[in-house]
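In: how would this look folded up:
(one chain, ligands or ions: 2)
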Amino acid sequence: MAYFPAFIKLKDKKVLIIGGGTIAYEKLMHLLEFTSDITLLSKEYSRDISNLIAVTSLNYIQKEYAHTDIKGFDIIIAAIDDISLQEKIYIESRSHNCLCNCVDLPNCCDFIFPAYLKKGDLTVAISTAGTSPAFAKQLRIYLEKIIPNSVSGFLKNMKEYRDTLPKGEERMQFLDKKAKEYISKWRKNEI
Ligand SMILES: C[C@@]1(CC(=O)O)C2=NC(=C\c3[nH]c(c(CCC(=O)O)c3CC(=O)O)Cc3[nH]c(c(CC(=O)O)c3CCC(=O)O)/C=C3\N/C(=C\2)[C@@H](CCC(=O)O)[C@]3(C)CC(=O)O)/[C@H]1CCC(=O)O
Ligand SMILES: NC(=O)c1ccc[n+]([C@@H]2O[C@H](COP(=O)([O-])OP(=O)(O)OC[C@H]3O[C@@H](n4cnc5c(N)ncnc54)[C@H](O)[C@@H]3O)[C@@H](O)[C@H]2O)c1
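Out: Ligands and ions are numbered 1, 2, ... in the order given. Below is the predicted model of the structure:
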């Protein structure tokens, strides 16, 4: 079954990434765009992660994972190169009030990472339900090219209208017309 697309507010959520290699770094870079309350736990850290730790105030613990290390975290990402440990962490997470993502085991994921692009307040997220992460990535690259950067300014104006115009049918029609006009200009390469 496909995954329900939702946008999660990470404010006040404690995130734990277990693992300090290539994939942990990728997940970390994506999460850092949305929250800074991230703790890393790993036996060893890659050069990229070590460099980041040196210049930011990321919490990190250098140790082998032990049962109960996930306690107190709301979101767990098991990014170790040990599939049986990923499964153990997932099973353990069932008795905690948290969401778990295991990077090798789609069946042991309460949520999966989409490929996404951000332009101002626009976020476009792409999932293939785990069928082809490579395709999700390439589609993201394509959409990044075709979605105009001006969309962030356009959305700022739309926010201003919503904040100032009185709610109701008239405002709804006005906003719909503005959105339609923007997309129509975009399609004619006029922006
Ligand atoms: C989108 C993206 C987001 C991100 O990482 O934040 C993401 N994977 C990305 C890249 C990527 N991952 C892989 C390749 C190699 C080519 C290929 O296999 O296609 C590439 C391409 C590359 O790196 O170039 C290999 C891979 N991935 C998973 C497995 C395990 C398995 O499938 O069993 C294996 C096999 C490992 C092995 O080889 O053994 C699993 C998952 N990967 C997901 C997300 C989730 C499903 C997303 C969806 O709905 O499609 C899910 C289920 C879980 C999760 O990670 O949350 C990010 C692109 C970001 C971007 O650039 O925009
Ligand atoms: N989901 C995805 O998008 C995706 C994409 C490609 C690969 N993968 C999978 O992700 C996994 C990780 O890949 P990688 O390239 O980051 O590996 P890596 O070897 O670069 O990193 C593994 C990290 O896990 C740490 N680690 C291992 N066992 C540990 C333990 N018991 N306690 C604490 N830390 C421990 C290591 O110290 C290391 O930092 C692989 O199994 C790979 O198949 C997932």
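
In: going forward, measure contacts and count neighbours with C-alpha atoms only.
Out: Noted.

In: can you pull the contacts of Y90?
Out: C100, N101, C102, C108, C109 (CA atoms under 8 Å, 6 or more residues apart in numbering).

In: phi, psi of it?
Out: Main-chain dihedrals, Y90, degrees, to the nearest 10: phi -60, psi -50.

In: list the buried ones in stretch 110-120?
Out: Neighbour-count burial for stretch 110-120, counted by 16 or more other CA atoms under 10 Å, picks out F111, I112, F113, P114, A115, Y116, L117, K119.

In: The fifth one reaches S127, doesn't it?
Out: Yes - because the distance of 6.6 Å satisfies CA atoms under 8 Å, A115 is recorded as touching S127.

In: what residues are shared contacts of those two?
Out: Shared contacts of A115 and S127, defined by CA under 8 Å, 6+ apart, are found at P133, A136.

In: Between which two of the contacts of Y90 is the distance greatest?
Out: C100 and C108 (7.5 Å; CA to CA).

In: what sits against Y65?
Out: Contacts of Y65 (CA under 8 Å, 6+ apart): I18, L41, S42, K43.

In: okay, now the domains of this protein?
Out: Residue ranges for each domain of the chain read 1-113, 151-187, as given by automatic domain parsing.

In: Export those domains to TSV and append columns for distance to ligand 2 and mean pLDDT.
Out: As requested, those are exported to TSV (distance: least, CA to the nearest ligand atom, whole Å; pLDDT from 0 to 100):
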stretch	distance to ligand 2	mean pLDDT
domain 1-113	3	96
domain 151-187	28	98
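
In: Of those, which stretch is the most buried?
Out: Comparing the domains of the chain by mean neighbour count (mean count of other CA atoms under 10 Å), domain 1-113 comes out on top with a mean of 16.

In: Lovely, talk soon.
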